[in-house]
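Student: Got a predicted structure plus its sequence, pasted below:
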Amino acid sequence: MKIAQVAPLSESVPPRLYGGTERIVSYLTEELVRLGHEVTLFASGDSVTSAELVPCCPQALRLDTAVRDQLPHHLLMLEQVVRRAPSFDVIHFHVDLLQMPLVRAFASSTMTTVHGRLDLPDLVPFYRVFSQAQLVSISDDQRRPLRFANFVRTIQHGLPTDLLPFVAEPRGGYLAFLGRISEEKRPDRAIEIATRAGLPLKIAAKIDRVDEAYWRETIAPMIAMNPNVEYIGEIGEREKAAFLGNARALLMPIDWPEPFGLVMIEAMSCGTPTIAFRRGSVPEILEEARSGFIVEDVAEAVRACGRIDALPREGVRAAFEERFTAARMAMDYLDVYRTLSHGASPATGPLVDTGLQQPHTLS
C-alpha cells in the first residue's frame with residue numbers, strides 16, 4: 001500500500017527528547033516499511049526515517065528559536081499533503097484538527113488518530129460539523145466526551161520489542177517519575193508518595209513555558225525540602241532505558257483523563273511495574289497485580305510501594321509483549337487502512353460501557 005503519515009512539526013520523528021505522538025508515528029512508520037509498504041512521512045526536516053521523508057520545516061519547531069508561530073508551518077505542510085493526495089491509498093493524520101476543512105474532497109481515504117484529551121468543550125461543535133471524519137482513539141476512555149463522533153476503532157500504542165530492553169535485576173532501588181512537570185501529571189503527589197514510603201524518587205521531566213510558574217512555586221520548593229527527591233531534567237531515548245529499567249517502580253499519580261500514557265508501556269518493556277491512579281486509560285493499560293497497581297489515592301499508593309517487589313518483572317515484560325508491541329499496533333492500523341482503500345466505511349458503533357475495569361480494545 002501507498003501510505004502517508006502526517007506528523008506534528010513541534011518535534012522531530014522520532015523526537016530527540018520529549019514527544020509521545022512523534023515517537024508513536026516513528027514506531028508505526030518504521031514497522032510499516034519493514035512490512036513492505038510504501039510509506040511517505042510528512043515531518044520536520046531533522047526527522048530520521050527509512051520511509052520517504054517530505055521535510056516540511058528545517059527542524060523541530062519547538063527547538064527552533066526563530067519560530068514564533070507554529071501554525072503557518074503546519075498549514076504549509078498540509079498544502080503539500082493535499083497536492084500529493086492522489087498518489088496515496090491512505091493518508092493517516094496525527095495532527096488533530098487542522099486538516100479537516102482541507103480534505104473533504106478525499107476524506108474517505110483519510111483517517112486521524114487523536115492523540116490528546118477530548119474533554120474540552122470547544123471540541124464538541126467542531127466534531128459535530130466534521131461528523132464524517134474517520135477517527136481512531138488510543139483508548140476507549142478517550143472517546144467518552146465525544147461519543148457521537150465517528151470513531152472507527154481504538155488502537156492502543158505499541159513499541160519495538162528491542163527499544164527498551166528487559167532488566168531482570170534493577171540496580172537503582174528508586175521510584176521514577178517520567179514525563180512533564182504539570183499540575184495534571186501531579187509530580188507533587190509523586191514526591192509525597194515516595195517520601196511517605198521512605199524511598200528515593202528520581203524525576204525526569206520537561207518543563208514547558210506554561211508550567212514554569214508551577215515548577216517554581218510548587219515543585220522546586222518540594223524537591224528542596226525532601227532530600228530523597230532528585231530532579232534530573234528532561235531525558236532522551238538513550239537515557240530512558242537505564243532510567244526506567246533500573247527503577248523499582250514507575251509512579252504515575254495523574255489527575256486528568258490520560259488518553260493513553262505511553263510511559264506505562266515503556267516501563268513494562270523494561271519489566272518495571274507502575275503504580276498509577278485510576279484515571280483515564282489507566283485501567284485499560286495496566287493489569288492489576290501483574291504489570292502494576294491501580295490506586296485511588298496517595299495512601300493506597302504508599303501501600304502499593306510496599307507490595308511492588310512481589311510482582312515478578314518477567315511477568316511485567318510478558319504483559320508488554322502480549323499487548324503493546326509495534327508489530328501489533330501496525331497490524332491493527334493496516335486493518336483500518338485496507339478498509340479505507342477499498343472504499344468501504346469501517347465498522348463503527350457506540351462505546352461499550354464495561355466500566356473499563358479490564359484491558360480491552362474495541363474493534
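Tutor: Thanks, I have the structure now. Every value quoted in this text rests on a predicted model; they were computed, and no experiment measured them.

Student: Okay, buried residues for stretch 214-221 please.
Tutor: Using 16 or more other CB atoms under 10 Å as the test for burial, stretch 214-221 gives 214-215, 219. The C-beta positions use only the backbone N, C-alpha and C, and glycine is treated the same way.

Student: quick one: that stretch to chain centroid distance?
Tutor: Here stretch 214-221 shows a centroid-to-chain-centroid distance of 25 Å under the convention CA atoms, centre = their mean, to the nearest Å.

Student: Stretch 240-252 now?
Tutor: Centre-to-centre, stretch 240-252 and its host chain are 17 Å apart (CA atoms, centre = their mean).

Student: Would you work out how far apart the start and end of it are?
Tutor: End-to-end distance of stretch 240-252 (CA to CA, to the nearest Å): 16 Å.

Student: tell me the average confidence for that stretch?
Tutor: Throughout stretch 240-252, pLDDT has a mean value of 97.

Student: what do you get for stretch 189-208?
Tutor: Stretch 189-208 comes out at a mean pLDDT of 97.

Student: Enumerate the positions of it that are buried.
Tutor: 189-195, 197, 199-207.

Student: Stretch 300-309 now?
Tutor: Under the neighbour-count criterion of 16+ other CB under 10 Å, stretch 300-309 has 301-302, 304-305, 308 buried.

Student: quick one: contacts of the lowest-mean-pLDDT helix or strand in the chain?
Tutor: Every helix and strand in the chain was compared by mean pLDDT, DSSP states H and E; the lowest is helix 237-245, with a mean of 92. The set of residues external to helix 237-245 that reach it, using CB atoms under 8 Å, 6 or more residues apart in numbering, is 14, 163-167, 170, 176, 178, 202, 204, 232, 235, 250, 263, 266-267, 270-272.

Student: Repeat that for stretch 313-332.
Tutor: Outside stretch 313-332, the residues that touch it by CB under 8 Å, 6+ apart are 24, 27-28, 30-32, 35, 153, 155-161, 166-168, 170, 265, 267-273, 287, 290-292, 359, 361.

Student: Buried ones among these?
Tutor: 24, 27-28, 30-32, 153, 155-159, 161, 166-167, 170, 265, 267-273, 287, 290-292, 359.

Student: Give me the subset of those residues that lies in helices.
Tutor: Judged by DSSP state H, helices contain the following of the buried ones among the contacts of stretch 313-332: 24, 27-28, 30-32, 265, 267-270.

Student: Can you redo these as CSV, where the extra columns are pLDDT and distance to residue 258?
Tutor: As requested, these are exported to CSV (pLDDT from 0 to 100; distance: CB to CB, whole Å):
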residue, pLDDT, distance to residue 258
24, 97, 15
27, 98, 19
28, 98, 20
30, 98, 25
31, 98, 24
32, 98, 26
265, 98, 12
267, 98, 14
268, 98, 15
269, 98, 18
270, 98, 20
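
Student: Just give me the closest of these to residue 255.
Tutor: Set against residue 255, the nearest of those by CB to CB is residue 267 (19.3 Å).

Student: ok so, going back, tell me the buried residues in the least confident helix or strand of the chain?
Tutor: Within helix 237-245, the residues scored as buried using 16+ other CB under 10 Å are 240-245.

Student: roughly how far is that helix from the heart of the chain?
Tutor: For helix 237-245, the separation from the chain centroid amounts to 17 Å (computed by CA atoms, centre = their mean).

Student: what does stretch 97-117 give?
Tutor: 19 Å.

Student: same deal with stretch 234-249?
Tutor: 16 Å.

Student: Over to stretch 289-305?
Tutor: Per CA atoms, centre = their mean, the centroid offset for stretch 289-305 relative to its chain is 22 Å.

Student: And for stretch 169-185?
Tutor: 16 Å.

Student: Skip the chain neighbours and tell me the closest residue to residue 172.
Tutor: residue 246 (3.7 Å; CB to CB, 6 or more residues apart in numbering).
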